[in-house]
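K.L.:
Sequence and computational prediction follow.
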Amino acid sequence: MLAEYLPTLLFLIVATGIGIALIIIGNVLGPKRPSAEKLSPYECGFDAFENARMPFDVRYYLVAILFIVFDLEIAFVFPWAVVFRELGLFGLIEMGVFLGLLVIGFVYVWKRGALEWE
């Protein structure tokens, strides 16, 4: 049975070997002429004007998490819609509970002000 995984193992070994070889070849043969211009921070065509370690507002992360939650909601709703007729009333009630919980969470986040930007 392990013989069936031999091609996968061989692929992983070859891919890892190629990746390591390319990194080593780039370091050995690549040009090494650093200058102040090359080592300076660069972002969007402008010199950096603030500290890169400045804290982000928590609301940014909350909006990102909300996006992920509602993106995953679609990942669950689409397969449900495909087999909706086979699930019947029980499937409809289950999806209603699922969507209801998501709406309750959305209203909670909305009331807490996580979607408000200053």
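P.N.:
Arrived safely.

K.L.:
Which helix or strand in the protein has the lowest average pLDDT?
P.N.:
helix 36-39 (a mean of 76; mean pLDDT, DSSP states H and E).

K.L.:
Mind checking what helix or strand follows that one in sequence?
P.N.:
Along the chain past helix 36-39, the next helix or strand (assigned with DSSP states H and E) turns out to be helix 58-82.

K.L.:
Now do that next one: which elements does it pack against?
P.N.:
helix 84-112 (3 or more Cβ pairs under 8 Å, 6 or more residues apart in numbering; DSSP states H and E). C-beta coordinates here come from the backbone N, C-alpha and C atoms, glycine included.

K.L.:
The helix it packs on vs helix 58-82, what angle?
P.N.:
Angle between the axes of helix 84-112 and helix 58-82 is 170 degrees (criterion: axes from the mean of the first three to the mean of the last three Cα atoms, to 10 degrees).

K.L.:
most centrally placed residue in the protein?
P.N.:
For the chain, Ile68 is the residue whose C-alpha lies nearest the centre (Cα atoms, centre = their mean; 8.4 Å).

K.L.:
give the contact list for Phe67.
P.N.:
Not one residue lies near Phe67 by Cβ atoms under 8 Å, 6 or more residues apart in numbering.

K.L.:
Kindly state the pLDDT recorded for it?
P.N.:
pLDDT, Phe67: 84.

K.L.:
re the thing from before, separation between the residue nearest to the centre of the chain and Leu62?
P.N.:
11 Å (Cβ to Cβ, to the nearest Å).

K.L.:
do Met95 as well
P.N.:
Relative to Leu62, and taking Cβ to Cβ, Met95 is found at 25 Å.

K.L.:
ok, now Phe70?
P.N.:
Distance, Phe70 to Leu62, using Cβ to Cβ: 13 Å.
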